[in-house]
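[1] Sequence and computational prediction follow.
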Amino acid sequence: MARVLIVDDEAGYLRLARRLLQPRFEVVGEALGGEAAVRAARRLRPDVVLLDVNLPDANGFDLAARLAGGPDAPAVVLMSTEDLTGAAVDVERSGARGFVLKAELDAESLAGVLAGRLPPRLGRPRVVLAEDQVLLREGLARLLDDAGFDVVDRVGDAAALLRSVEARRPDVVITDVQMPPDRTDDGLRAAIEIRRRRPETGVVVLSQFLEERYALELVGERADGAGYLLKDRVGDIDAFADAVRRVARGGSALDPEVVALMVGRSRVDDPLGALTARERDVLALVAEGRSNQGIAGALSVTPAAVERHLTSIFAKLGLGHAPADNRRVLAVLAFLRA
């Protein structure tokens with residue numbers, strides 16, 4: 001179990017981060033500032049330093065460089081309230097392993113950074129875009145470019161999509177369901193094949209139809225790195241870009257209308273039957289890909305309340321604390337299979 005030192009100038013966030021990382025990580029200490037962090041790192045010799053970029057007494061990038069120097073130095077992971085993809089050079093120069101958004105911090109996201117999965121690359125996430133309607137394809141490419149993505153290829157049929165992914169190795173694929181040559185579900189089938197061949201590549205499927213079968217087929221046996229969104233969702237640029245980023249980083253994103261359809265359906269032998277109404281609300285928002293902070297905002301509760309609901313959900317669904325298990329993903333799978 002990796003030993004973590006958490007550095008942040010907000011005592012409340014230190015307590016929250018400790019709860020979010022346990023029991024997958026051993027939090028061995030906390031520090032409220034830069035010099036305190038250096039002293040704590042020398043004394044505790046942690047495996048990982050989780051470091052806020054904005055400290056009152058130190059520049060986070062410079063401090064990361066100090067902490068990460070030397071053969072026995074800890075792995076440094078930066079935390080920020082804002083996406084650091086635009087600061088790729090500073091992150092790389094600091095020697096940090098990567099970064100996490102403070103609002104999205106949990107044990108799985110930290111483990112992903114340490115394993116080199118989050119973010120997929122420092123800099124602009126690389127996208128292959130598949131859409132047979134030229135005007136829509138070019139419009140999406142422009143929107144994605146403005147939102148901070150690097151569209152490395154644009155294709156108009158399922159076969160070209162498969163070839164492009166093998167050649168370009170993108171971080172995330174965005175594809176329509178209906179694509180040539182058959183114009184049925186060729187894009188969906190290509191997406192499923194990409195997930196089979198290249199599990200590290202995120203896949204977002206866009207559809208005109210409120211069809212939960214498509215979402216279930218895309219997700220299959222693992223919800224990580226998968227997104228299913230209605231095309232209407234593209235109109236909300238910020239929400240769409242956020243969903244694509246989550247999928248690129250290994251998360252999931254299901255369209256709220258699809259989730260609402262699943263929540264409203266009656267079930268026989270419902271594995272979610274033990275959940276309270278509020279816990280079902282929380283799980284539905286997890287399925288949409290919301291962070292704890294996002295869930296708290298949607299339900300007008302505190303992040304600590306969300307964490308308590310999640311703990312209860314995991315217990316009722318029989319999801320243990322094994323390090324290899326991403327319990328949020330397993331909970332989403334349980335939700336989909338219900």
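    All right, it came through fine.

[2] residue boundaries of the strands in the stretch 51-200 of the chain?
    Along the stretch 51-200 of the chain, the segments classed as strands by DSSP state E, counting those that start in this stretch run 54-55, 58-59, 75-80, 98-101, 126-130, 150-155, 172-176.

[3] could these go into a markdown table alongside mean pLDDT and distance to His309?
    Using the backbone N, CA and C atoms, a C-beta is placed for each residue, glycine as well. As requested, the strands of the stretch 51-200 of the chain are exported to a markdown table (pLDDT from 0 to 100; distance: least, CB to CB, whole Å):
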| stretch | mean pLDDT | distance to His309 |
| --- | --- | --- |
| strand 54-55 | 88 | 29 |
| strand 58-59 | 85 | 36 |
| strand 75-80 | 89 | 24 |
| strand 98-101 | 85 | 21 |
| strand 126-130 | 93 | 34 |
| strand 150-155 | 92 | 37 |
| strand 172-176 | 95 | 29 |
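
[4] Next, format these as JSON lines and append distance to Asp232.
    Converted to JSON lines, these look like this (distance: least, CB to CB, whole Å):
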{"stretch": "strand 54-55", "distance to Asp232": "37"}
{"stretch": "strand 58-59", "distance to Asp232": "43"}
{"stretch": "strand 75-80", "distance to Asp232": "31"}
{"stretch": "strand 98-101", "distance to Asp232": "26"}
{"stretch": "strand 126-130", "distance to Asp232": "18"}
{"stretch": "strand 150-155", "distance to Asp232": "21"}
{"stretch": "strand 172-176", "distance to Asp232": "13"}
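
[5] With respect to Ser109, which of those strands lies nearest?
    Among the strands of the stretch 51-200 of the chain, the nearest to Ser109 by CB to CB is strand 98-101 (5.1 Å).

[6] If you count neighbours, what's buried in that closest one?
    98-101 (16 or more other CB atoms under 10 Å).

[7] Sort out which one of those lies nearest Arg195 for me.
    Among these, and counting by CB to CB, the member closest to Arg195 is Gly98, at 23.1 Å.

[8] Give me the spatial nearest neighbour of the closest one, chain neighbours excluded.
    Nearest non-adjacent residue to Gly98, counting by CB to CB, 6 or more residues apart in numbering: Val113, 4.1 Å away.

[9] contacting residues for the one you found?
    The contact partners of Val113, taken as CB atoms under 8 Å, 6 or more residues apart in numbering, are 77, 97-100, 119.

[10] and if we set it to 10 Å?
    When contacts are counted by CB atoms under 10 Å, 6 or more residues apart in numbering, Val113 touches 48, 50, 75, 77-78, 96-100, 119, 249.

[11] Phi, psi for Val205 please.
    Per-residue torsions, Val205: phi -100, psi 130 (degrees, to the nearest 10).

[12] Gln22: neighbour count?
    Summarising burial for Gln22: neighbours were counted as other CB atoms under 10 Å, giving 14.

[13] now swap in Thr302 and tell me
    As a burial measure, the neighbour count of Thr302 was computed by other CB under 10 Å and equals 12.

[14] any weak-confidence spans in the stretch 101-250 of the chain?
    Across the stretch 101-250 of the chain, the ranges flagged by pLDDT under 70 are 115-123, 212.

[15] what ranges do the helices span in it?
    In chain order, the stretch 101-250 of the chain shows helices spanning 107-114, 134-146, 158-168, 186-197, 212-219, 237-248, with DSSP state H, counting those that start in this stretch as the criterion.

[16] could those be laid out in a markdown table, adding distance to Tyr228?
    A markdown table is the format used below for those (distance: least, CB to CB, whole Å):
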| stretch | distance to Tyr228 |
| --- | --- |
| helix 107-114 | 20 |
| helix 134-146 | 16 |
| helix 158-168 | 16 |
| helix 186-197 | 9 |
| helix 212-219 | 4 |
| helix 237-248 | 10 |
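
[17] Check the gap between Val258 and Pro303 for me.
    Val258 sits 26 Å away from Pro303, going by CB to CB, to the nearest Å.

[18] if you count what's nearby, which of these two comes out ahead?
    Val258 (23 against 20).

[19] before we move on, which element is the more buried one in?
    If you go by DSSP states H and E, Val258 is part of helix 256-264.

[20] what pLDDT, on average, does that helix get?
    Mean per-residue pLDDT for helix 256-264: 69.

[21] Buried residues, the very next helix or strand once past that helix. List them.
    From helix 256-264 onward toward the C-terminus, using DSSP H and E, the following helix or strand is helix 277-288. Counting neighbours by 16+ other CB under 10 Å, one finds that the buried residues in helix 277-288 are 279-288.

[22] try stretch 241-260
    By neighbour count, with 16+ other CB under 10 Å as the criterion, the buried positions of stretch 241-260 are 241-256, 258-259.

[23] so how far is it off the chain centroid?
    Taking the mean of its C-alpha atoms, stretch 241-260 sits 8 Å from the chain's own mean (CA atoms, centre = their mean, to the nearest Å).

[24] Between the two ends of that stretch, how far is it?
    Start to finish, the residues bounding stretch 241-260 are 21 Å apart (CA to CA, to the nearest Å).
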